[in-house]
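1. give me coordinates for this.
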Amino acid sequence: MLDALRQPIENGVIEIHRAGVSARFPARFQLLLATNPCPCGNHGVRGGECLCPPSQIRRYQQRLSGPLRDRVDIDFPVTRVSAASLSAGSGSLSTAVARERVLAARAAAAERLAGTGWRTNSEVDGQWLRQGPRRLPPSVVTPLERALQRGALTVRGYDRVLRLTWTIADLEGASTPTADHLGRALFLRQGAVA
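-> As a prediction, the model looks like this:
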């Protein structure tokens, strides 16, 4: 069932073909996936004891196919929340402040993409980002090129990292992404690149 989401994620539409009739439905959505590192949930967890054999861990992690994972922009491991961190609190961002930053970033993207038919970074064609007027200089994309050359990324993954790089830059109010923005985008995709 999860692999059936691959095309709607990519194209933003669902097409159903039955008995010579086809229907097309809009399907722009944000997919969030969460999984444990293994069936018992303790593999790689500090202070946890995993009793799962390696073959079982591999099978468990392969339940999300490579092609589906390739379509996930952010693939980031999250550590368990400890009791100490719960009581200590953190300097987290309020929802209102986060909303304002997102609105400003979306406005910047819409302004930059005016006249292209796209409104957000997630809609932009990868080839346009790689070869079009918004192509990033080699000094910025070198780590991305290396990841592609060593097989850690597909071209689809490369394009998704570029979109995420532009989004990070927009969130910070930068007019053009820097190598730092790209590095953060690659870091947020570390589960897919590792």
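
2. quick one: residues contacting the closest residue to Pro177 other than its chain neighbours.
-> Once flanking residues are discounted, Pro177 sits nearest to Ala169: 4.0 Å by C-beta to C-beta, 6 or more residues apart in numbering. Where C-beta positions appear, they are placed from N, C-alpha and C, glycine not excepted. If a contact means C-beta atoms under 8 Å, 6 or more residues apart in numbering, then Ala169 has Ser175, Thr176, Pro177, Thr178, His181 as its contacts.

3. which one of these is nearest to Cys40?
-> The shortest approach to Cys40 among the contacts of Ala169 belongs to His181, at 37.2 Å (C-beta to C-beta).

4. just to revisit the earlier point, and the residue nearest to Pro177, which helix or strand is it part of?
-> For Ala169, the host element (DSSP states H and E) is helix 155-172.

5. so Ile14, which state does it fall into?
-> strand (DSSP: H, G, I helix; E, B strand; the rest coil).

6. can you pull the domain assignment for the protein?
-> Split into domains by automatic domain parsing, the chain comes to 2-72, 95-193.

7. next up, the contacts around the residue nearest in space to the middle of the chain.
-> Centroid check for the chain by C-alpha atoms, centre = their mean gives Asp73 as the closest residue, at 1.2 Å. Going by C-beta under 8 Å, 6+ apart, Asp73 touches Ser122, Arg160, Arg163, Leu164, Leu188, Arg189.

8. now stretch 142-155: how far from the chain's centre is it?
-> The chain centroid and the centroid of stretch 142-155 are separated by 16 Å under C-alpha atoms, centre = their mean, to the nearest Å.

9. cheers, nothing more for now.
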